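Colleague: Got a predicted model here, sequence first, then my questions.
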Amino acid sequence: MAASGFKVVTLTDSAAERVRSIMARSEKPIAGLRVGVKNGGCAGMSYTMEYADAVGPHDEVVEDKGVKILIDPKAIMFLLGTQMDFQTSKMSSGFTFNNPNQTSACGCGESVAITPASAERLGAPA
């Protein structure tokens with residue numbers, strides 16, 4: 001579990017509003033938004049998002065701006081300190097991740113390289 005009071009992932013107002021809007025239109029109950037990472041893509045990893053119908057027994061549960069976020073325990077160290085946003089431009093719209101653990105991204109923007117969080121990068125005493 002993450003440190004008490006510290007949210008592994010936070011949402012901007014725009015992201016929270018978009019997630020709440022999509023969830024409200026669902027025909028079945030949604031327990032929360034599951035966010036994680038998976039291996040793949042040209043940079044090594046990609047972010048995953050899906051609506052969950054139940055909280056997993058080991059999920060890290062974060063509530064931010066009226067949205068319940070479920071984080072797979074294997075993804076916690078890759079997502080610590082991440083802010084999820086929803087951006088709209090003339091050409092596209094979608095969710096973006098501002099992740100302090102991300103070290104690079106591919107040119108197409110579909111995959112990223114992420115280093116697990118460490119105590120030094122989180123500002124914790126050694």
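Modeller: Structure received. Numbering: from 1, shown residues only.

Colleague: What helix or strand is the residue most central in space within the chain located in?
Modeller: The structure's the chain has its C-alpha centroid closest to residue 35; by C-alpha atoms, centre = their mean the separation is 4.6 Å. Element membership of residue 35, judged by DSSP states H and E, is strand 32-39.

Colleague: Check residue 19 too.
Modeller: helix 13-24.

Colleague: Can you report how many residues neighbour the spatially closest residue to residue 68 that is not a sequence neighbour?
Modeller: Of all residues not flanking residue 68 in the chain, residue 32 sits nearest, at 3.5 Å (C-beta to C-beta, 6 or more residues apart in numbering). The C-beta positions use only the backbone N, C-alpha and C, and glycine is treated the same way. Neighbour count for residue 32, taken as other C-beta atoms under 10 Å: 21.

Colleague: Would you mind naming the residues that bridge with residue 32?
Modeller: Beta bridges link residue 32 to residue 52 when assigned by DSSP bridges.
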